[in-house]
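> got a predicted structure here, sequence first:
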Amino acid sequence: MGKDLCQLDTVKTCSDLDHISCEEDVLYWVKAQIDCSKTFEICVARDNMVERGLKLWKRRKNGGPVNPLKVSFLGEPGVDTGALKKEFLSTMVAGIEKRLFEGESEKGKVPKYSLNDLDNELFKVAGEILCVSIAQGGPAPRFMQEWCYHYLVTGNLKTDGVHDMELSPLIKTIEDASDLSLYIEEILDCGYTGQINIDHKESILRAIVLHVTTKRTPMLQQMREGLEVYNLIKVMQIKPNECRNLFVVGADDKVDSHYVLSHLAPEMSPDGSTKHVKESKILEYFQDFLLEIEDTQPENEVEGETPSVPMVMQWMTGQAHRHLLVSERQKFKIAIVFDHNCLEHMPGHTVCYPVVSACTNTVTLPTAHLGDYESFKTNLQTAIKYGASFDRL
């Protein structure tokens, strides 16, 4: 970030929004609402982080989401200078998408119809976490359908662009049908009580769409309560277009291989030296590794089953998303240090792995164990899978 959270301008009121003309302005405004008089501290285990994180967030005792978030992981010595918080927020936003939303990624998702989660106020907690993520360096929740965002902003239902995995096929079938008698039971199940014939097809279709949307409005209403942190919901209402891409699917902020590679800052040995040749080769291996997992990653792969480029970046830096602010993207660097002396430090060992200091965005690579691409690939995959904790702080 360009400034420390506590060094930003004094808190501004919602009436001071005339200067906001783009998403970048929204982000700076929201950051300025953070109350630095105390901190909001969470200590969470890495195992089952989403469920534990939701529970701990809800029962907070000291501080709250309006304050700077400080995260520690149970049983680990790390001090949060920003990377732990970003890792936590990255995991929580992705977890909220899977835990409390449903739908197809490319068409956007909608809140799950879950009265238990509603009763436990998890949608309110989710709204608060999404606010904090936007304001404090985490990813934006760019996974919602347009009508969900419209409802959050206006409180009114929009029937255009609604997609439901269960009922959208029925809507398409009815749109194309010349005889609706085959679908009477499905239509009645959606709450339609009028005449069922071709002349009333539009009314039937509206009823089905309303059935999809109205049962989810309590979840969205509760989420609006959570979005009151930093008065973000007020900004969304006054500047809906400027805030839209922070929530609606379509704005691609997914990390790809180019984003990672373009921000590498390797510490190279002098040109022409044997070490420089080896270091250049290792950088090529890293590029090949990212390109390979990018090209072979299935579109609907369950996160965590196989390595992905965002997972690699989260391992290196704590976050799995592109920086929201342009200024942060411009200054973002991942330092690559080459350790040519690990065999001298630890005589007799057969293998060692990269050491990550995510708090300083630094990765140290043991060159003695990365002599060819297959060795590099195996070494890095093992480090990513088992090296979740930050080894050097």
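Okay, I see it. Residues are numbered from 1 along each chain as shown.

> Val277 should be in a helix, yeah?
Yes. Per DSSP: H, G, I helix; E, B strand; the rest coil, Val277 lies within a helix segment.

> distance of it from Glu76?
Computed as C-beta to C-beta, to the nearest Å, the Val277 to Glu76 distance reads 37 Å. C-beta: built from backbone N, CA, C; applies to glycine.

> okay, now the spatially closest residue to Asn120 that is not a sequence neighbour: neighbour count?
Spatially, and ignoring its direct neighbours in sequence, Asn120 is nearest to Lys58 (7.9 Å; C-beta to C-beta, 6 or more residues apart in numbering). Residues lying near Lys58 (other C-beta atoms under 10 Å) number 13.

> for the stretch 251-393 of the chain, what are the low-confidence residue spans?
298-305, 388-393 (pLDDT under 70).

> repeat the analysis, applying 50 as the threshold.
Counting by pLDDT under 50, the stretch 251-393 of the chain contains low-confidence ranges at 302, 389-393.

> all helices of the stretch 101-250 of the chain, in order?
For the stretch 101-250 of the chain, the helices defined by DSSP state H, counting those that start in this stretch occupy 115-119, 122-135, 146-154, 168-176, 184-189, 201-214, 217-226, 232-238, 240-244.

> for these, which one ends up most surrounded?
Highest mean neighbour count among those (mean count of other C-beta atoms under 10 Å): helix 122-135, with a mean of 25.

> which outside residues touch that helix?
27, 30-31, 33-34, 53-54, 57-58, 65, 69, 89, 92-93, 96, 100, 111, 117, 138-141, 219-220, 222-230, 232, 246, 324 (C-beta atoms under 8 Å, 6 or more residues apart in numbering).

> need the per-residue pLDDT for Cys6.
The score at Cys6 is 52. That number is its pLDDT.

> again with Arg59
At Arg59, the pLDDT recorded in the model is 89.

> what about it, how many residues nearby?
7.

> ok, it to Gly95 distance?
Taken as C-beta to C-beta, the span from Arg59 to Gly95 is 18 Å.

> what does Asp339 give?
Asp339 is 34 Å from Gly95, by C-beta to C-beta.

> contact partners for the closest residue to Gly250 other than its chain neighbours?
Nearest residue to Gly250, sequence neighbours excluded (C-beta to C-beta, 6+ apart): Arg142, at 7.4 Å. Each residue near Arg142 by C-beta under 8 Å, 6+ apart is listed here: 245-251, 253.

> one step back: hang on, the residue nearest to Asn120 packs against Pro65?
No. Counting by C-beta atoms under 8 Å, Lys58 sits too far from Pro65 to count as a contact (10.9 Å).

> ok, the residue lying closest to Ala207 once chain neighbours are set aside - contacts?
Nearest non-adjacent residue to Ala207, counting by C-beta to C-beta, 6+ apart: Tyr192, 3.9 Å away. By C-beta under 8 Å, 6+ apart, the contact set of Tyr192 is 203-204, 207-208.

> switch those residues over to TSV; also include distance to Leu188.
Formatted as TSV, the contacts of Tyr192 follow (distance: C-beta to C-beta, whole Å):
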residue	distance to Leu188
Ser203	13
Ile204	10
Ala207	10
Ile208	11
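
> domain ranges for the chain?
Per automatic domain parsing, the domain ranges recorded for the chain read 5-157+216-244, 257-386.

> how far does the last one stretch from start to finish?
Across its full length, domain 257-386 reaches 22 Å between end residues, using C-alpha to C-alpha, to the nearest Å.

> tell me the contacts of the nearest residue in space to Lys333 that is not next to it in sequence?
Once flanking residues are discounted, Lys333 sits nearest to Ala265: 4.2 Å by C-beta to C-beta, 6+ apart. Shown in contact with Ala265 (C-beta under 8 Å, 6+ apart): 333-336.

> only the buried subset of these, as a PyMOL command please.
Burial among the contacts of Ala265 is assessed by 16 or more other C-beta atoms under 10 Å; the matching PyMOL selection reads:
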select buried, resi 334+336
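
> strands - which of the contacts of Ala265 land there?
334-336 (DSSP state E).

> out of the residues you listed, which is nearest to Lys158?
Nearest to Lys158 among the ones in strands among the contacts of Ala265 is Ile334, at 41.5 Å by C-beta to C-beta.

> ok, the closest one touching Leu264?
Yes. Under the criterion of C-beta under 8 Å, Ile334 makes contact with Leu264 at 5.3 Å.

> residues in contact with the host helix or strand of Leu291?
Per DSSP states H and E: Leu291 is located in helix 274-296. Applying C-beta under 8 Å, 6+ apart, the external contacts of helix 274-296 come out as 256-257, 260-261, 264, 266, 268-270, 306-309, 312, 336, 338, 340, 365, 367, 370, 372-373, 376-377, 380.

> put the alpha carbons of it into CSV.
C-alpha atoms of helix 274-296 as CSV (Å, rounded to 0.1, in the frame of the first residue of the first chain):
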residue,chain,number,x,y,z
THR,A,274,29.0,-20.3,-13.6
LYS,A,275,26.5,-19.2,-10.8
HIS,A,276,24.8,-16.8,-13.2
VAL,A,277,24.3,-19.5,-15.8
LYS,A,278,22.8,-21.9,-13.2
GLU,A,279,20.5,-19.1,-11.8
SER,A,280,19.2,-18.2,-15.3
LYS,A,281,18.4,-21.9,-15.9
ILE,A,282,16.5,-22.1,-12.6
LEU,A,283,14.4,-19.1,-13.5
GLU,A,284,13.6,-20.8,-16.8
TYR,A,285,12.5,-23.9,-14.8
PHE,A,286,10.3,-21.7,-12.7
GLN,A,287,8.7,-20.2,-15.8
ASP,A,288,8.2,-23.6,-17.3
PHE,A,289,6.7,-24.8,-14.0
LEU,A,290,4.1,-22.0,-14.0
LEU,A,291,3.2,-22.4,-17.6
GLU,A,292,2.8,-26.2,-17.2
ILE,A,293,0.4,-25.9,-14.2
GLU,A,294,-1.4,-23.1,-15.9
ASP,A,295,-2.0,-25.0,-19.1
THR,A,296,-3.0,-28.3,-17.4
